[in-house]
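K.L.:
Need coordinates for the following:
(2 chains)
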Protein chains: 2
Amino acid sequence: MKNVLLTVEYDGTNFAGWQRQPSVRTVQGVLEEGLSTVCGYPVTVEGASRTDAGVHALGASAGFRGDFGIPVERIPLAVNHIFRGRTPSPGVNGDLRIVQAREVPADFHPRFDAKGKKYRYIIRNRKEMPVFLRNYRYHVEKPLDVEQMKSAAAQVVGTHDFACFQATGSYPRRTTVRTVYFLSVEEGREGDIVIEVGGDGFLYNMVRIIAGTLTDVGLGKIPPEAMADIIAGRDRSRAGHTAPPQGLYLVEVYYQEA
Amino acid sequence: MKNVLLTVEYDGTNFAGWQRQPSVRTVQGVLEEGLSTVCGYPVTVEGASRTDAGVHALGASAGFRGDFGIPVERIPLAVNHIFRGRTPSPGVNGDLRIVQAREVPADFHPRFDAKGKKYRYIIRNRKEMPVFLRNYRYHVEKPLDVEQMKSAAAQVVGTHDFACFQATGSYPRRTTVRTVYFLSVEEGREGDIVIEVGGDGFLYNMVRIIAGTLTDVGLGKIPPEAMADIIAGRDRSRAGHTAPPQGLYLVEVYYQEA
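P.N.:
Residues are numbered from 1 along each chain as shown, chains lettered A, B, ... in the order given. Okay, here's the model as predicted:
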């Protein structure tokens, strides 16, 4: 019985999120279908992170256990071939790809052993929005003040109770204290503003609320110096809006050994 | 009665090409629907160029005539608003955008007055292919020799009978002589190879056959010095393969006044 860890890339546009659901196309569902076909028996995968509909991943992690005929490193090629041919329409074909598969110790668990995650959020801050980016950027027409956003971002880094950045109505968690390792805001190419955040864990919608709050700071709706107070207040209503899913990318899941 | 010229951008992934067809989603069909809604009567548009399913446009041209309540320059905003809301699914919404609308002289015709067109063809020449580019690049895994491709491209420029670069079974044309103004091959970012071609007109599938032939040259299957002979032979079977639609972009339609 081998324990396998997969690194997975997907375009979230045509997925109803990560988690398997009946009669809806999800990342977990499509991944399990492809792996089951190649392995010859029903495979269940365990994801390190559940993303919402429309959210993308460059390096999501998922694990599964099994005995199978082909070497572990051959799994991506075999399963990706299925993904490129089977999905519902030509434009959707191949929107999920296994980047890497490797054997891990028997007691390794993709979620419990994760040390944290890194996300990227990309805003296109220009009047014009190319049709090609409609599913891959948050379009903000009015100019954002990046220096103010940076100043606000600096106050988020560290260990805090982040209840203010949790979607209202979230499933209750044991604690809303999390550690944000870094939160950067940089100007990219062609009017992109790239936010990157790493932390030991994220509450539901936390990255999208951080991105929306930084956007509100950049628009002058929230003063950057208010950030520490907003966090201390633990009140969702004082933070900014929830930025839309299509700008969000899960970049990497951190593990000890990586 | 105003004569209006539109510049149009679209992601060809979810269109069955340009030309209006019953019960199929086409660029012309969606454009006419949107314009008809805004203008309040049935609008017919005339395109300068018909692209195939999966082919994209950064600057396609289309014209229409009418009397309408709003200023010509307001048409893009009004119609784009409809495009962002009406299309079949969230990922498809907004895949067509009017970039510009301007009034042109009464005798101006978008197709007959066109002096030529510029196309771009993008190959991703790397082993790895991100899922995000699956509909926007031609993926060629084996390394291409760009210098050989440039040398072959130079022989295409000029006025020639390009019957060799016309899809077999094409609708007969009065002549297969065309003038290629330029044909460049450049290395872009992250393993992209960007082919750009301008000419007074293009035969059916001509740009995709040129891109496929240059790819075959880059792979060493066709020697670059054979290019002049292939053109002189007027035989489709001696040219290279037809590169797939998703790498192709109509960049611009040339007009005298532009």
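K.L.:
Wasn't A:T159 part of a helix?
P.N.:
No. The assignment for A:T159, made by DSSP: H, G, I helix; E, B strand; the rest coil, is strand rather than a helix.
K.L.:
Residues in a beta bridge with it, which ones?
P.N.:
A:T179 (DSSP bridges).
K.L.:
OK, contacts around it?
P.N.:
Contact partners of A:T159, counting by C-beta atoms under 8 Å, 6 or more residues apart in numbering or on different chains, are A:177-179. C-beta here means a position set from N, CA and C on the backbone, and glycine is covered the same way.
K.L.:
For the residues you listed, which entry has the maximal number of neighbours?
P.N.:
Within those, most neighbours by other C-beta atoms under 10 Å in any protein chain shown means A:R178, with 20 neighbours.
K.L.:
Quick check: that one touching A:H160?
P.N.:
Yes. Using C-beta atoms under 8 Å, A:R178 is in contact with A:H160, at 7.3 Å.
K.L.:
Now flag whichever of the contacts of A:T159 is closest to chain B.
P.N.:
Proximity of the contacts of A:T159 to chain B (C-beta to the nearest C-beta) peaks at A:R178, which lies at 28.5 Å.
K.L.:
Which SSE is immediately downstream of the least confident helix or strand in chain A by mean pLDDT?
P.N.:
Here the helix or strand of chain A ranked lowest by mean pLDDT, DSSP states H and E is helix A:75-86, holding a mean of 88. Downstream of helix A:75-86, the next assigned helix or strand under DSSP states H and E is strand A:96-104.
K.L.:
you'd agree A:P110 is in a strand?
P.N.:
No. Going by three-state DSSP, the assignment for A:P110 is coil, not a strand.
K.L.:
And for the closest residue to it other than its chain neighbours, the neighbour number?
P.N.:
Take A:P110 and drop its neighbours on the chain: the residue closest to it by C-beta to C-beta, 6 or more residues apart in numbering or on different chains is A:G63, 3.8 Å away. A:G63 has 19 neighbours, counted by other C-beta under 10 Å.
K.L.:
same question, the one 4 residues further on
P.N.:
The burial count assigned to A:D67 is 9, neighbours taken as other C-beta under 10 Å.
K.L.:
now swap in A:R238 and tell me
P.N.:
Neighbourhood size, A:R238 [other C-beta under 10 Å]: 15.
K.L.:
Please apply the same query to A:T44.
P.N.:
13.
K.L.:
That one: what's it in contact with?
P.N.:
Neighbours of A:T44 in contact, by C-beta under 8 Å, 6+ apart: A:32, A:64.
K.L.:
so which strand or helix has A:V185?
P.N.:
Element membership of A:V185, judged by DSSP H and E, is strand A:177-187.
K.L.:
Report the rounded mean pLDDT for that strand.
P.N.:
Taken as a whole, strand A:177-187 has an average pLDDT of 98.
K.L.:
Would you mind listing what in the stretch 101-250 of chain A touches chain B?
P.N.:
Within the stretch 101-250 of chain A, the positions adjacent to chain B are A:128-132, A:134-136 by C-beta under 8 Å from any C-beta of the partner chain.
K.L.:
Which of those are buried, as a ChimeraX select command?
P.N.:
Per 16 or more other C-beta atoms under 10 Å in any protein chain shown, the buried members of these correspond to this ChimeraX selection:
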select /A:129,130,131,132,134,135,136
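K.L.:
hey, where'd the helices end up in the stretch 1-150 of chain A?
P.N.:
Using DSSP state H, counting those that start in this stretch, the helices of the stretch 1-150 of chain A run over A:27-39, A:75-86, A:146-154.
K.L.:
got those as CSV, with mean neighbour count columns?
P.N.:
Converted to CSV, the helices of the stretch 1-150 of chain A look like this (neighbours: other C-beta atoms under 10 Å in any protein chain shown):
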stretch, mean neighbour count
helix A:27-39, 20
helix A:75-86, 17
helix A:146-154, 19
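K.L.:
Out of those, which is closest to A:P110?
P.N.:
helix A:27-39 (12.0 Å; C-beta to C-beta).
K.L.:
neighbours around A:P42, how many?
P.N.:
Using other C-beta under 10 Å as the criterion, A:P42 is surrounded by 10 other residues.
K.L.:
pretty sure it contacts A:S36?
P.N.:
Yes. Counting by C-beta under 8 Å, A:P42 touches A:S36, with 5.2 Å between them.
K.L.:
ok, now which ones touch A:G47?
P.N.:
A:18-19, A:27-28, A:60-62, A:110-111.
K.L.:
ditto for A:S36
P.N.:
Each residue near A:S36 by C-beta under 8 Å, 6+ apart is listed here: A:42-43.
K.L.:
per-domain residue ranges of chain A.
P.N.:
Listed by automatic domain parsing, the domain ranges of chain A are A:2-104, A:116-255.
K.L.:
Those domains: lowest mean pLDDT?
P.N.:
Looking at the domains of chain A, the bottom one is domain A:2-104 with a mean of 92.
K.L.:
Show the end-to-end separation of that domain, please.
P.N.:
This stretch, domain A:2-104, spans 8 Å end to end (C-alpha to C-alpha, to the nearest Å).
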